[in-house]
Structures are given as C-alpha cells and as structure tokens.
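# sequence and predicted model, in that order:
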Amino acid sequence: MILDLGINFAGIKLKNPVLTASGTFGYGYEVGDLISLKKLGGIITKTITLENRLGNVQPRIAEVSSGLLNSIGLQNIGIKAFVEGPLFKLNKIGVPIIVSIAGNTTEEYIKIVKILTMQIGISAIELNLSCPNLKKKIICHDVFLMQDIIRNVKKISKVPIIAKLSPLVTDIAELALFAQEAGSDGVTLANTYPAMAINVKTFKPKLSSVRGGLSGACIKPMSLRCVYDAYQNINIPIIGCGGITNGGDAVEFMLSGATAISVGSASLISPKNLIKIIDEIKDIMYRKNIVSIKEIIGFVNTKNAC
Amino acid sequence: MILDLGINFAGIKLKNPVLTASGTFGYGYEVGDLISLKKLGGIITKTITLENRLGNVQPRIAEVSSGLLNSIGLQNIGIKAFVEGPLFKLNKIGVPIIVSIAGNTTEEYIKIVKILTMQIGISAIELNLSCPNLKKKIICHDVFLMQDIIRNVKKISKVPIIAKLSPLVTDIAELALFAQEAGSDGVTLANTYPAMAINVKTFKPKLSSVRGGLSGACIKPMSLRCVYDAYQNINIPIIGCGGITNGGDAVEFMLSGATAISVGSASLISPKNLIKIIDEIKDIMYRKNIVSIKEIIGFVNTKNAC
Amino acid sequence: MCVSKRFDGNYMVISNKEICPGYFELEVKACDIVKYCLPGQFFMIVVPNVFLRRPMSVHNVKKDIISFIYKVVGKGTKELSNIHGGVLQLLGPLGKGYNLECYKDLNNVIVSGGTGIVSLCFLASKLKKKGILYYGVRSKNDLICVDEFKKIGWKVIVSTEDGTEGYKGYITDVLEKKLKMDDVLFVCGPVDMIRKVSYIAKEKSIRGFVSLEEKMACGVGNCQGCAVKIGGLIRMVCKDGPVFKVEQVEWQ
Amino acid sequence: MCVSKRFDGNYMVISNKEICPGYFELEVKACDIVKYCLPGQFFMIVVPNVFLRRPMSVHNVKKDIISFIYKVVGKGTKELSNIHGGVLQLLGPLGKGYNLECYKDLNNVIVSGGTGIVSLCFLASKLKKKGILYYGVRSKNDLICVDEFKKIGWKVIVSTEDGTEGYKGYITDVLEKKLKMDDVLFVCGPVDMIRKVSYIAKEKSIRGFVSLEEKMACGVGNCQGCAVKIGGLIRMVCKDGPVFKVEQVEWQ
C-alpha cells in the first residue's frame, strides 16, 4: 500500500501535513543535527517583527498540568537581520518555509511584508494576530484592525497569507470567517490560551508578565473544537494547532477539518517528535486503509457528526 | 495560632471558602456517607431547570490529558421535584445551600426563581448562563439576554444572585462587569471550556454531542487568569472555579481575587478531596502565617503584580 | 442481602501479578470492606498519572482480601500494572449487585464476553445452584477464570472468534440454540454481546440480568456520565446498576 | 576542546540509587555520547508523567557511563527516582561547558551552593591544577560529593546554614574574606549565591565563570524560555551557557 501524505495548502504543496508551530522551532534550522529537517511538511519560523525585540525578563516559562505556560515577548532579531541570516539557511533545507510575522499596527505588517516580498524561498506568510495593538488589546480582539492588516498585507504579498487566530474569542468560527472575508488564504487555529500560575510558596506569579500563553496536551480538546467549528464556516484551509503530541492527535485535527497541522510544545520536548508524528500518521493510514491523507480532512465534521 | 477560614460572600457567611461546583456534586446530599458534609463552606447544587431533563445520550464522558470532557445535557428532575425532595435533605446538612438554575429564556429563569423564593433554606441562587438560548447561542454570548435575565431575577429574588460565566469570551473582565451592572451580587468564574475529542480508532467523536465541556487540572491556568482579569474590573465577589485539585490551587484562585472557590472534577474523583482542600488551605495559612483567609483575597492581584 | 456500606480509603496492595499474558490479578487487603461486597459490585480505584479513577469489578473476596482482574488495554491499566506494593485508594463497593434471590428456582446461565467473566466468577461462587457458563473470547489466550467455574461444578461452554478453542464464532450464536424457558441469565461483557443476548432473551421470553458498562467519572452518581435508559427512566449505571433486569434495558 | 555533538536517544539505565537521604545518583550507559561530555554541560531527560524534560548536569563520566546526581524536590525528580531499569530518553550534551584553558595559570577556586556541586565535581576532575572548594549547604545532610574532591587532592571548605558542619552561615561570607587576586572562580548554585559571588568578584576584580539556571522547555534554544542578559546581549542559558564569564552577567 503506497501512502500519499501530500496535501495542498492554499496552493503550497506539502509532502506531508506536519509543520512546526511558530515560536517553538527557532528560526527553523537550528536542530538540523538532531532530525532530518527535509522530512518535515514545512517550517513555520518564530515570529519576526520589524525591529528586533529583546523579549520579557525572567521568568518566562512555567510547567503546568499537561502543559506549558510561556511569555517570551516575541524575542527575535528583526526582519532585516532575519532575511540577511536565517532565511539563507532555511532555504537550503528544501521544504516550504512559512514566515511568521507580527506588528502593533497595519503599517508595521506592511513594512515587514514589503521586505519579505523581495526575498526568494518564502512559501507563505503567517500573520501572528495575537500580539497587542497600540491600545494593548490583542489584534484578534479588534476585528477592524485584524481585517485591515489582512487586506493590506494581501495586496502586496506574492505568497499566500495565513492568519493565526487567538482561540480566546466568543466565536472562533465567526472570526475565521472575518479573516477569510478580508482575503486570508488560510487560517491557523489556534494560538495559545491566556493563562497564569502563582507560586503558593512565595505568593508570586510564576511568569514575570503574570499572564502567559498556555500550550501543550492540555489545550488540545479546545483547539480541536475551534477547528471543528471554523471548518463549518469557512472554505479556506486550516492549519490545526494545539497540543499535538502524536500521530493520533494530528489525525484528530484533520478529521475535524484541518488540512495541515503544526506541532509546538511536543517539538520543544523533542524535535524527534515531529518525525514520530509523521510516522504515526502513516501507521493510522495503514490501519484504517487510507491511501491519501486528503481523504480524512473534515471526515468527522462533514460525514459522521451527530 | 487560630486560623480564621471564614469569609463573607455577598452577605452569605461561609465557614470556609470551599464550595462544591454545580453539576459535580449531585443535588448535594448524596455522598453524606463518605464525607462530613457540614465541614464544607457551602454546597452548590447541580443545575435545576423548570421542567425535568433527561440529558444527552451516551457517550457523555471522555477522559483527556489532565482533564475530563462531559456533555451531560443538564439532566435533572426539574424545579418542582427539587423543592419537594432534595431541598429538604439539603437543609438538614447545616451549610449554606446555593441552588444552580438554568433556562433558555428570561421567563424560565423567572419562573424557577419564583418557586425558589417561596422556599426556606436557600442562601443564594447561581445562574448557569452557559446553556443555549433559543437560537442555540449560549446565554453568555448574548449579553442583552444575559443582563435581562440577571435584572429580572434580581427583582424577585430574596437571596443573592451569582452569575456563573462562560470563560470562552473575548473579554471576561468586561462580561463580569456586565453581570455586575445588571445587578448580580457575585460571579462564578468560570464554567467549563468548549472542547471535543475524536476516537482515532473508530473516527468517531468521543461524545454523542461532539462538543462538551472541558474541566479538570488542565483548565486551571486559564480560569485563574479569568479571575485575575475580572477582579480588576468589578467589585462584587468572585467564586473561583476551574481545576482546583488541592489547597494550593484554591489559594492561587484566592490570591488572584476569588473570595470563595468551588471544586468540581476533583470531587468527582473523590468527595474526600473537598475536605483535603480545606485542610491544605489551613496548612498554607500556617506556613505563611496568615491568620484570616480574607487577607489573601486578591493579594497577588493588587499588591504583587508586575 | 447484607446492609450496604461504601468506603473511600487507602488499602494495602497484597499482590498485583500477571496471571496470563496481558491479564493481571490485583489483591488488596480490606478487612473492613470485604463483608459488604456483593457479586456485580465494583470499586473506583485511584490510578497514578491518569485523571480519573478506574472502575473495576470484584473478582472474588477471600477472608480479608478483595481480588480484581484486569486486562492492560490503555494508560490507566498500564499504570496500575506497575504497582507492586504500597496502598491504593479504593472507593466502594459501589452499585447494586446481582439479585441472587429473585429467580432462584430457575436454571442459572451465565453469559460472559471478554473480561466480563471477572465479576461473573464472584457471582457463580455465590449462586446456590450450579449452572452453565457460556464464555466467548477473541482467542484462546484470552480465556481466564475457566478453572474457577469448573472447580465449583459449573459446565463451561467456550467460543473463540479465531477458533483456537471451543466453538468458532460468537458465544451468542451458541447460546441462542441452547437457551431454555426455565433458564435465568446473568450477563456481562461487551455492549454488542449484551445487546444480542437481550434480543435473544426478549424473543424467547427469558428472564435475567445484565451488567452494563459506561464511561463514568465518579462512580457514585454525581457526574451523571453513565446514564442509560432503563424501563422508561434514566438510570445511572454506577448507582442504580451496573446490574439491570435484561428486559428493562432500552437499546437505541 | 573536542568537537561538539549532541544526541537525542534512548539510553540504558545502569542504576538509580539513593546515595544519601533525598539524593539520587543516576547512571546511564551511553557509549556514543561519553566522549562529547564537557564539564558544565547538561542533558534534558524525559521523565514519565511530567510535561517537560528535566535539565540535569553531568556529574561525571566513567568509561561508557554518564552519572547524574539529583535531589528529589518535586514531581519530576520523584518520578525519576522511581525508575529502576529500562531506558531513558536523553538529549545532550547541551550548552557550552567551562573553559578549561582560559585562566589555567590562576589558582582554581570552585564555589558551590546546594546541588550546584554536581557539575563542579566533573569540572574539578578535568582541571589540571588542584584548588579549593567553597561549598555551602543548608545542613550537614545536604553535603554530597565532598569525598570526590578530597580524593583528587582538593581543599574543601564547608559552610552550613544551621551550623551542623563547618562554618555556620553562607559560604559567600567565608569566600569573601579568602579570595585573592590570582584566583579564578568556577561557580554553580542558587541564584542568590551566584549574584553574591558576582558582586564579590566584581569588587575584587577577580575573574571566572558562573553556571546559570533558568526554567527551560527545550534545552536547545527553541523555546527561548531561559534568556538572560549577558554583556549587553540576550543569551540563552541552554545554548549560549549555562556557563558565562562572571563579569558579563547583568544582574537586575
């Protein structure tokens, strides 16, 4: 039985649906000594901003039940340094590269995309829309701004635009539709969940920023629901993301409606988990007699749902 | 050192801040053979509706990483049977009884509250506002309806009204403020998180209703953040709820701003966990030299936050 | 029937051994509990590193020791199988057991599929009359407890899906041909098997009991996870069951 | 300095024994890795039933065995202490170790607090010259590895917070009085101790290295959890450290 893991995501051909999640895989080339990066479906870089950012002070990380709290603060070298350095290394890998970007205003997004548009070897741009706007509100919570960013970026980009949405909204299906209406070629569902933890010995928050983003196995059932609901409302493809730890998790997201999936916390624990997930997807395809992984996209959603 | 665990929640005196969470402790008297119910701060009953409800078909439960998915469908005997049966048994326990109620319309809530108002031995009414309205939207997502329910119920109730809110909203602090503005005497933060799971052997959802509510240790960091954010925006007291498993978790919620806390999944695992949590709160008070538990309410929020 | 009483405490693990590949017998010392255990009842056992307790039927009670038998199928049972001492937190005995008095003049017929045999073993030891066990499993290696039935004089009829022992196929097919009007059924096993036996029983107007299984979080009726329709009413498997009269179970 | 290479694989547990109350030594057979391990480097170890790997410094390397010593402080180390065989997934060696060449003409002074001693033990065994160990712990029972230093000819000065052995108080107070211009520091321990040593070093213009610790999820620079300010730049403890020059660490 020859298995076809290939998918087409908004015109980008991926040899398998497994991507790295933004912010959990560095610029994308750093662990090339530990795993064969060319086996990946694609690489989504950490989020790049217009200027470099130093990120937050310590502590930035806390472990919680089945998950991870973080507040890194978008530490990165800035778009110019990125295209002059890491991008070259990424292009040698031979898999589609998706650059994640963020800004506080539409203008910042536009400036970054203009710089990226002059580069070669970028397959798509993922818009991180969970960073704060000028009023300290996250962009996904300011639908007008979110749509403005997508529309303007879309006008100048030569590659597909993927909007990464925050799951903490009253109606994720509606938000995904807003992204689609503004011209987004795909959506990533979903980012981390606002959360916090307190050290009960010291009575101090475990993160310097108090609030951070929750990721890991603990969020999977919620993000799966986001994908399930959004899939019913949009016709652009979805990258499913949230606590995917094994091939079964990846398949759950695809059955719910994701065309591709991205792996975050699990690849922090071991980059090898990315390869393991690809292998386990194959195991499930064998077991369920699925020739092409495309067959299962939305399978539970459209056919078997009660 | 004499420890004072007593708190005052919207005028209700509780001998300690530990309550049972609605829907996880039956009508409230059933496990009286396993633990001493009079040790509890108070009991919140399962949600009662106007007419009895049969609930959803199987399967209703699925275990996930550090948590529990459920979709019971508000199975209950209806308000009339409740006041004729369980309420008598509850009143013999000797702790404050908070009755959780739900409906699809303002009228249903009013009818239930009218019946409860004729009873004795009810300390407060908790409004479960996460059930669907007539358009299948949950009430918390229809702010006009939510406020209408609170306002109308408040007019006729002789006891405090506590609004239990859904955490899945764009701005929980704003929603809590809306509840306060409508006249709510307190809020419970927060209900379960919409979520789902799929069996990758059968390719079928693990719950008959596909979507269910996620509870347990996995949601704690998120609900803690809800309490933290809401506390800054309101001046009515908060019942913190979400994955509280031990005394440390309870203290985290109080440090964030909760005046009382309610325990759900942990009491399903063992009703004894309720007593254990009370004891562990005392241990922390000893260790940190806290004479009255009231001292810690919002401590991290107002004083130590960065 | 003795007074019912339930406990939630820590009890010492006496042994937890693999009795045949994949199947473990757990023995727990529980002096204060043993006398309250009835056939068909179960315990909720705290297993490390999984969120919920695991329900487990009583296999037998000897002196002050309660025995459970389980198959390692997932993370919970895997974790449980790694325990070799110390204490386990047990809640029980829970639910209502088999009614041993109701049909005591009829001929006892036990029908078991897979690990359903465990609680039926305890039942057989408490029934006053010997009878016949119909026992279906996937393969020869999945046969457990057969000797215990034989030892107390029961006739054992076995089927395996792969034909490695006894009849090849489902035990319900064997049962269907042999069931008589004056038999009383005691059934525990996979839901498909129970459903089939229920249809057979209905068709032939044969009475008896089935032990149902549904996912449950608490075991005491609080989570309402294990609700089933019984005789027109919603009943909790954990509290009102797990044993119900075969004719009352409503199959959707 | 030998070529750096890191591995992420399963390695056999040789032993995992309590060496004194609360402290365990874990030995893992790792033929292909041993030659790449440098003092100050660490591994990320997969521990069952906790979400993240646990970083653990190399205590020593003997033939094809890597030794780690850890104190049981939380769920992760508790779970690890329950492992008595099989394999563990190790990622490493990670980070940059101590630079053994940089100040080789100076007098070696090792300063350790608590379990910081573990990696310094490996360091002492690789330093060409013997020196003095300043070692502060809470109480006598927390002293580990002292014999290993003595065996290779190091002078050991101990302090305990409760006065049960050596000087009573903090080791930094002892150190402050004795430190000389031609000493080179190698420091590992709690952050407060490192901060104090850094101030002393700055005041007296003494050179050396400190090994920092911050919460990390990955150990390879991807999570960016362990960022610290070093010489005006943001650096990762896991990748750029954990060892940094004492004068470059910026204390907030």
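Perfect, I can see it now.

# okay, and the nearest residue to C:Val191 once chain neighbours are set aside sits in which element?
Closest residue to C:Val191 in three dimensions, ignoring its sequence neighbours and counting by C-beta to C-beta, 6 or more residues apart in numbering or on different chains: C:Glu213, at 7.2 Å. (Each C-beta comes from the backbone N, C-alpha and C, glycine too.) Under DSSP states H and E, no helix or strand contains C:Glu213.

# wait, C:Glu213 touches C:Asp192, no?
No. Contact criterion C-beta atoms under 8 Å: C:Glu213 and C:Asp192 do not qualify, at 11.9 Å.

# okay, the two: which has more neighbours?
Using other C-beta atoms under 10 Å in any protein chain shown as the criterion, C:Glu213 and C:Asp192 rank with C:Glu213 on top: 20 against 11.

# contacting residues for the more buried one?
By C-beta atoms under 8 Å, 6 or more residues apart in numbering or on different chains, C:Glu213 lies in contact with C:Pro55, C:Val191, C:Val237, C:Pro242.

# likewise for C:Leu80?
Applying C-beta under 8 Å, 6+ apart to C:Leu80 gives the contacts C:Asn16, C:Phe24, C:Leu26, C:Ile45, C:Val47, C:Arg54, C:Tyr70.

# how much space between the most centrally placed residue in chain C and B:Ile120?
Central residue of chain C (C-alpha atoms, centre = their mean): C:Ser119, 3.2 Å from the mean position. As judged by C-beta to C-beta, to the nearest Å, C:Ser119 and B:Ile120 stand 45 Å apart.

# now C:Leu91, what's its secondary structure?
Following DSSP: H, G, I helix; E, B strand; the rest coil, we place C:Leu91 in the strand state.

# partners of it in the sheet?
Here C:Leu91 sits in beta bridges with C:Asp8, C:Met44, going by DSSP bridges.

# state the distance from it to chain D.
22 Å (C-beta to the nearest C-beta, to the nearest Å).

# apart from its chain neighbours, what residue comes closest to A:Glu174?
Using C-beta to C-beta, 6+ apart, the closest residue to A:Glu174 is A:Asn233 (7.1 Å).

# so which strand or helix has the one you found?
Using DSSP H and E, A:Asn233 sits within no helix or strand.

# my guess is it meets A:Ala176, correct?
Yes. Contact status for A:Asn233 versus A:Ala176: in contact at 6.0 Å, counting by C-beta under 8 Å.

# which one's more surrounded, the two?
A:Ala176 (28 against 14).

# can I get stretch C:215-230 in CSV, CA atoms only?
Output in CSV follows, covering the C-alpha atoms of stretch C:215-230 (Å, rounded to 0.1, in the frame of the first residue of the first chain):
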residue,chain,number,x,y,z
LYS,C,215,-17.7,5.7,31.0
MET,C,216,-18.0,7.2,34.4
ALA,C,217,-16.1,9.9,36.3
CYS,C,218,-17.2,9.4,39.9
GLY,C,219,-18.9,6.0,40.5
VAL,C,220,-21.4,7.5,42.9
GLY,C,221,-24.0,9.2,40.7
ASN,C,222,-22.6,12.7,40.9
CYS,C,223,-21.2,13.1,37.4
GLN,C,224,-24.2,11.6,35.6
GLY,C,225,-21.8,10.4,32.9
CYS,C,226,-23.1,6.8,32.9
ALA,C,227,-26.8,7.4,32.4
VAL,C,228,-28.8,4.8,30.5
LYS,C,229,-32.5,4.2,29.7
ILE,C,230,-34.0,1.5,31.9
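
# residue in chain C with the shortest distance to chain A?
At 9.0 Å from chain A, C:Phe51 is the closest residue in chain C, using C-beta to the nearest C-beta.

# so after the lengthiest helix in chain C, what's the next helix or strand?
Using DSSP state H to define each element, chain C has its longest helix at helix C:191-204. Downstream of helix C:191-204, the first helix or strand assigned by DSSP H and E is strand C:207-211.

# please compute how far that next one lies from its chain's middle.
Centre-to-centre, strand C:207-211 and its host chain are 12 Å apart (C-alpha atoms, centre = their mean, to the nearest Å).

# same check, this time on stretch A:94-103
10 Å.

# then stretch C:227-238?
Centroid separation for stretch C:227-238 versus its chain: 18 Å, with C-alpha atoms, centre = their mean.

# mind listing residues that contact that stretch?
The contact list for stretch C:227-238 (C-beta under 8 Å, 6+ apart) reads B:54-55, B:58, B:60, B:72, B:75, C:55, C:94-95, C:212-214, C:216, C:218-221, C:224, C:226, C:240-241, C:244-245, C:248-250, C:252.

# tell me the residues of the stretch 101-250 of chain A that contact chain D?
A:Gly216, A:Ala217 (C-beta under 8 Å from any C-beta of the partner chain).

# residue of the stretch 1-150 of chain C nearest chain D, please.
In the stretch 1-150 of chain C, the residue that lies nearest chain D is C:Asn49 (4.2 Å; C-beta to the nearest C-beta).

# check whether that residue really touches D:Val47, as I assumed.
No. With contact defined as C-beta under 8 Å, C:Asn49 does not reach D:Val47; the gap is 11.5 Å.

# list the buried residues of the longest helix along chain A.
In chain A, with assignment by DSSP H, the single longest helix is helix A:272-288. Within helix A:272-288, the residues scored as buried using 16 or more other C-beta atoms under 10 Å in any protein chain shown are A:Lys272, A:Asn273, A:Leu274, A:Ile275, A:Lys276, A:Ile277, A:Ile278, A:Glu280, A:Ile281, A:Lys282, A:Ile284, A:Met285.

# which one of these is nearest chain B?
Checking the buried residues of helix A:272-288 against chain B by C-beta to the nearest C-beta gives A:Ile284 as the nearest, at 6.1 Å.

# please name the residues that touch the closest one.
A:Ile284 makes contacts with A:Gly247, A:Gly248, A:Val251, A:Ile290, B:Val200, as judged by C-beta under 8 Å, 6+ apart.

# what distance do you get for it to chain C?
17 Å.

# distance of that residue relative to B:Gly298?
According to C-beta to C-beta, A:Ile284 stands 48 Å off from B:Gly298.

# swap in A:Ile156?
The gap separating A:Ile156 from B:Gly298 is 47 Å, by C-beta to C-beta.

# other residues contacting the host helix or strand of C:Phe122?
Assigned by DSSP H and E, C:Phe122 belongs to helix C:117-126. With contacts defined as C-beta under 8 Å, 6+ apart, helix C:117-126 is touched by C:37-40, C:42, C:57-61, C:68-70, C:98, C:100, C:108, C:110, C:112, C:131, C:133, C:135, C:144-145, C:148-149, C:152, C:154, C:186, C:188, C:211.
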